[in-house]
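# Below is the sequence, then the predicted model.
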Amino acid sequence: MQAAVYTQYGPPDVVVQIANVEKPVPKDDDVLIKVRAASVNPLDSHLMKGGPYVVRLLLRLGKAKIKRPGVDVAGQVEAVGKNLTQFKPGDAVFGLCKGAFAEYLCAPESAFVIKPGNITFEQAASVPVAALTALQGLRDKGHIQAGQKVLINGAAGGVGTFAVQIAKSFGAHVTAVCSTRNVDMVRSIGADHVIDYTQEDFTKINPGQCYDIIFDNVGNHSLSACRRLLNPKGINLMVGILGGRGILSLLTRLVTALIWSWFISQKFVFFIAKLNKQDLTLLSELMATGKVTPVIDRCYSLNQAPEAIRYLSEHHARGKVVITLP
Ligand SMILES: NC(=O)c1ccc[n+]([C@@H]2O[C@H](COP(=O)([O-])OP(=O)(O)OC[C@H]3O[C@@H](n4cnc5c(N)ncnc54)[C@H](OP(=O)(O)O)[C@@H]3O)[C@@H](O)[C@H]2O)c1
């Protein structure tokens, strides 16, 4: 079978190749999935670039050896291990598994849920990392409540488009920050108010505006500027840092947040989303009932995987970038 692989760290267009690899055979507790679509996340290119050596050490990446990119996947069950009862061949599923940019993969049953009939494989593959991040951030770390005011910075990207819709599904009032070309799109997925960052700096307009939650995918404003926008019990979710700001900026923000936590009433929280089957099931229900509809920017073939990863790493995808397989 064919799969995307890389054997050294570097830019996706240089290091990623489409190679023939052995088709996996499911063990007794595994499900074999014929991949129909996989989506790209910023983490794919971070891991591929290897990052600064210190990051490699922290993530225990070691030497590149043979690596298989991709974690978000949707497809059809081709075979199930003898201990499994939940799925049968032919079921359409989506979930998380390493090496998703491939024709087939094997994974534990617990990493997948049934795909709702009203969404495509491409849409389902868009969900896992981005939507789990939005859900777990807003619900578990932000403790979102109906009627609260939520600002989403980076609202037009993979995580942001889910965050807007999930915040709306909780009954929040959502302010979305994006560039001019995405204003209509974020409005169409439910944002109540949109700030075009090419025209206005959200930390400077509306002084005294009080948000209950700032969900920050971009990390391009100082924590003190964000703090001025939070109500006294407000929470700033530091979801990610886009662009060239890198590890030093992240560490500085984490240390600042830690020190501030002893002195101020607002919270600055960094978190990493986790695979959770119950949450995937909840996201599946939100899609089945039309409360959440994945936004897809571009679809690429498996052969174009390096280009798909490179495009996402430019930080201007509109929703999710997907790799489709026949
Ligand atoms: N903590 C976690 O568990 C977790 C999980 C997943 C991702 N992340 C992180 O979260 C971040 C977002 O991930 P993603 O998948 O959403 O990335 P993405 O899809 O690449 O996000 C791209 C979006 O960022 C927007 N953007 C770029 N510069 C901006 C700016 N100055 N102000 C406002 N928006 C801007 C772009 O909108 P315009 O084109 O309109 O500029 C684009 O729509 C990344 O740093 C990622 O590493 C964290």
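Now that the structure is in, tell me what you want to look at.

# how about Met238, what does it touch?
Contacts of Met238 were listed using CB atoms under 8 Å, 6 or more residues apart in numbering, and they are Asp216, Gly219, Arg253, Leu254, Ala257, Phe268, Val269, Phe270. In short, each C-beta sits where N, CA and C put it, glycine included.

# Drop anything exposed from the residues you listed.
Burial by neighbour count, 16 or more other CB atoms under 10 Å: within these this picks out Asp216, Gly219, Arg253, Ala257, Phe268, Val269.

# so where does the fifth one fall, helix or strand?
Using DSSP states H and E, Phe268 maps to strand 267-270.

# close to the ligand, is the next helix or strand after that strand?
As assigned by DSSP H and E, the chain's next helix or strand after strand 267-270 is helix 277-288. No: contact of helix 277-288 with the ligand is not found when judged by CB under 6 Å from any ligand atom; the minimum separation is 12.5 Å.

# Beta-bridge partners for Phe92, please?
No Phe there; residue 92 is Ala. In this structure, Ala92 has beta-bridge partners Gln76, where bridges are defined by DSSP bridges.

# Count the neighbours of it for me.
Per other CB atoms under 10 Å, the neighbour tally for Ala92 reads 19.

# Surely it is in contact with Thr120?
No: Ala92 sits out of contact with Thr120 when judged by CB atoms under 8 Å, with a separation of 9.9 Å.

# Quick check, the residue in the stretch 201-326 of the chain closest to the ligand?
Residue of the stretch 201-326 of the chain nearest the ligand, by CB to the nearest ligand atom: Gly240 (2.3 Å).

# From what I see, that residue and Gly219 are in contact.
Yes: distance between Gly240 and Gly219: 6.6 Å, which falls inside the contact criterion (CB under 8 Å).

# Show me what Ala102 bridges to in the sheet.
With beta bridges defined as DSSP bridges, Ala102 has these partners: Ala3.

# Kindly report the residues of the stretch 1-150 of the chain close to the ligand.
By the criterion of CB under 6 Å from any ligand atom, the positions of the stretch 1-150 of the chain lying close to the ligand are Asn41, Pro42, Val129, Ala130, Thr133.

# Where does confidence bottom out across these?
Sorting these by pLDDT puts Pro42 at the bottom of the list (93).

# Number of residues surrounding that one?
The burial count for Pro42: 21, using other CB under 10 Å.

# For it, which residues are in contact?
Gly158, Gly240, Leu242, Leu312, Ser313.

# same thing but at 7 Å, please
The neighbourhood of Pro42, defined by CB atoms under 7 Å, 6 or more residues apart in numbering, consists of Gly240, Leu312.

# how much space between Thr85 and the ligand?
Distance, Thr85 to the ligand, by CB to the nearest ligand atom, to the nearest Å: 31 Å.

# Checking that residue next. Helix, strand or coil?
Using DSSP: H, G, I helix; E, B strand; the rest coil, the secondary structure recorded for Thr85 is coil.

# Find me the pLDDT at it, would you?
The predicted local distance difference test score for Thr85 is 86.

# With Ile205 instead?
In the predicted model, Ile205 carries a pLDDT score of 80.

# ok but it is inside a strand, no?
No: using three-state DSSP, the secondary structure at Ile205 is coil, not a strand.

# How about it, nearest residue that isn't a chain neighbour?
Distance criterion CB to CB, 6 or more residues apart in numbering; nearest residue to Ile205, sequence neighbours excluded, is Ile195 at 7.1 Å.
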